[in-house]
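Asks: I would like the atomic coordinates for the input below:
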Amino acid sequence: MNKLLLTTAALALSASFAMAETTRLGTEGAYPPYNFINDSGEVDGFERELGDELCKRAKLTCEWVTNDWDSIIPNLVSGNYDVIIAGMSITDERDEVIDFTQNYTQPDPSGYLAASADVDIKNGVIAAQTGTIQASFVASTGATLVEFATPEETIAAVRNGEADAVLADKAYLGPVADEDDGLVLLEQEELIGGGVGLGIRESDGELKATLDAAIQSMKDDGSLNAMIEKWEIGVKF
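Replies: As a prediction, the model looks like this:
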């Protein structure tokens, strides 16, 4: 009886160690080219390639988890995964809740996608995804902000006339404009945020240092710039 209990306890302890050795990467899977779900149902995009390479360099065993954007920070804090890698811009407000690694992209210009080039973006209705730097920016201007849970919904709001334009990363909006003759990417850009970094719990300083070193090594050998160029993310380092 005692041997059985000891064996069971040992197995449980081994399982907990195995689980702790796996670093879970949380992403949205709905914001190409940063992250999206491909036809095989797998996480794909710039951040999938980046995350896999960072884990390789850091000698981490990683697995991918998808999570809705509006709860992605609370679920990191509560332990549902260990890292956010989801096109998340580094901001002072977010940094009060979680920590960030160094940025792995430069600040990407935000652009406006509209149904026509003569839209009044200063006084119009502008759509943005909830909890983004673009939503905060619109809220600070004279425009009317309408927020949506997903990027697709912001585009739909422009198509159906619910919004005059959508403000989002140009890397996301550019391909949408190229594929839809009814939408146009405006010339005006907004440079907001401090670049994109990995989100880490404040208690995970060792993991942050490990991933920081991996990001720096990719900057140093040029592989990060090559990846940014491949996925047409924005300005290289």
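
Asks: lowest confidence element among the helices and strands of this structure?
Replies: Lowest on mean pLDDT, DSSP states H and E among the helices and strands of the chain sits helix 2-20, with a mean of 37.

Asks: what's next to the next helix or strand after that helix, contact-wise?
Replies: Next in sequence after helix 2-20, counting helices and strands by DSSP states H and E, comes strand 22-27. Strand 22-27 is contacted from outside by 35, 43, 47-48, 51, 55, 60-67, 72, 75-76, 80-86, 207, using Cβ atoms under 8 Å, 6 or more residues apart in numbering. (Each C-beta comes from the backbone N, C-alpha and C, glycine too.)

Asks: try stretch 80-89
Replies: Under the contact criterion Cβ under 8 Å, 6+ apart, stretch 80-89 has outside partners 23-28, 31, 34-35, 47, 50-51, 65, 67, 69, 72-73, 75-76, 94, 98, 107, 132-133, 169, 192-201, 204, 207, 211.

Asks: can you map out the strands along this structure?
Replies: 22-27, 30-31, 35-37, 43-44, 61-66, 83-84, 99-100, 110-114, 125-129, 144-148, 165-169, 184-190, 199-200 (DSSP state E).

Asks: Please work out which of the ones you listed is packed deepest.
Replies: Among those, strand 165-169 has the highest mean neighbour count (mean count of other Cβ atoms under 10 Å), at a mean of 28.

Asks: and the protein, what are its domains?
Replies: Domains of the chain are assigned by automatic domain parsing as 21-106+194-231, 110-190.

Asks: would a markdown table of the strands of the chain with distance to Gln216 and mean pLDDT be doable?
Replies: Shown next, in a markdown table, are the strands of the chain (distance: least, Cβ to Cβ, whole Å; pLDDT from 0 to 100):
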| stretch | distance to Gln216 | mean pLDDT |
| --- | --- | --- |
| strand 22-27 | 18 | 98 |
| strand 30-31 | 25 | 96 |
| strand 35-37 | 22 | 98 |
| strand 43-44 | 24 | 98 |
| strand 61-66 | 18 | 98 |
| strand 83-84 | 16 | 98 |
| strand 99-100 | 14 | 98 |
| strand 110-114 | 26 | 97 |
| strand 125-129 | 30 | 98 |
| strand 144-148 | 35 | 98 |
| strand 165-169 | 24 | 97 |
| strand 184-190 | 28 | 96 |
| strand 199-200 | 15 | 98 |
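
Asks: Compare the ones you listed and give me the one nearest Ile90.
Replies: For Ile90, the closest of the strands of the chain is strand 99-100, at 4.8 Å, according to Cβ to Cβ.

Asks: what's the closest one packed up against?
Replies: strand 199-200 (3 or more Cβ pairs under 8 Å, 6 or more residues apart in numbering; DSSP states H and E).

Asks: Okay, Gly29 and Gly199: tell me how far apart.
Replies: 16 Å (Cβ to Cβ, to the nearest Å).

Asks: Give the full set of residues in contact with Leu145.
Replies: Counting by Cβ under 8 Å, 6+ apart, Leu145 has contacts Ile126, Ala127, Ala128, Ala135, Val138, Ala139.

Asks: List the beta-bridge partners for it.
Replies: Going by DSSP bridges, Leu145 is paired in beta bridges with Ile126.

Asks: what about it, distance to Ile233?
Replies: Taken as Cβ to Cβ, the span from Leu145 to Ile233 is 26 Å.

Asks: and what of Ala143?
Replies: Counting by Cβ to Cβ, the gap from Ala143 to Ile233 is 26 Å.
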